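Colleague: Provide a 3D model corresponding to the input given below.
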Amino acid sequence: MRRTATAVTAALFTVLLAGGCSSGDGGGDGKPESSPAAATSSPAVVESESAAAAPKLSEEWGPKLDAATSSSKDDVCKTVGAKPCVDHITELTELVYDVRDAIDTAGATAVYPKTVEAIGNVEDASASYAEGGCAGSSEETLADGSVCGGYVAKLLLGPATLSMTMTTDELTAQ
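Modeller: This next block holds a predicted model:
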């Protein structure tokens, strides 16, 4: 992520530097060049091309994430260790991982910093759920405030959070 930001900064600096160097004395006749506006508009063109080149992954993944969230069956995770709950949160988590893979494949980690952070939260909750022995537990419910219930709540809300965060990241990148 930092490497990409550094490369973009270096490219922008190079364009600015080249623009500044080309506005010399106009060929030795003592007159300034007649087109300094072209050098001034170059950074804006580079910036708009970068924004246009940024992928809009929310267009593909937003509807999928929203559908997964809205298709949640009522009380599927009332008991957080029940098989239907485990199956459901597994599907949701796999969808979140698919979004992570899409961001990585597009090389867009720098465009989606908050989304990547939210994906990390889902990954942490999933790992904690597994390590905490929550699957198969028949005593803990989503409403009892248990640790496992907290993990399940994060996993149930993960896709909805990602959908909003992706859109926010894209608007911020423009």
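Colleague: Would you mind listing where this protein has pLDDT under the threshold?
Modeller: Scanning the chain for pLDDT under 70 picks out 1-54, 71-73.
Colleague: residue boundaries of the helices in it?
Modeller: Taking DSSP state H as the test, the helices found in the chain are 2-21, 36-53, 57-70, 83-106, 113-131, 147-173.
Colleague: For burial, what's the neighbour tally of the nearest residue to Pro55 once chain neighbours are set aside?
Modeller: Closest residue in space to Pro55, ignoring its immediate chain neighbours: Ala106 at 4.5 Å, by C-beta to C-beta, 6 or more residues apart in numbering. (Glycine included, C-beta is placed from N, CA and C.) Neighbourhood size, Ala106 [other C-beta atoms under 10 Å]: 14.
Colleague: doesn't Leu57 make contact with Ala106?
Modeller: Yes. Using C-beta atoms under 8 Å, Ala106 is in contact with Leu57, at 6.5 Å.
Colleague: ok, now how distant is Asp74 from Leu156?
Modeller: 12 Å (C-beta to C-beta, to the nearest Å).
Colleague: overlap in contacts of these two?
Modeller: Common neighbours of Asp74 and Leu156, counting by C-beta atoms under 8 Å, 6 or more residues apart in numbering, are absent.
Colleague: between the two, which one's more packed in?
Modeller: Leu156 (20 against 6).
Colleague: ok, the more buried one to Glu91 distance?
Modeller: 11 Å.
Colleague: now Thr167
Modeller: From Thr167 to Glu91 the distance is 22 Å (C-beta to C-beta).
Colleague: what do you get for Ala102?
Modeller: Ala102 is 17 Å from Glu91, by C-beta to C-beta.
Colleague: What of Asp101?
Modeller: Separation of Asp101 from Glu91 (C-beta to C-beta) stands at 16 Å.
Colleague: So for these two, which residue has more residues nearby?
Modeller: Ranked by neighbour count (other C-beta under 10 Å), Asp101 and Glu91 place Glu91 first, with 13 against 10.
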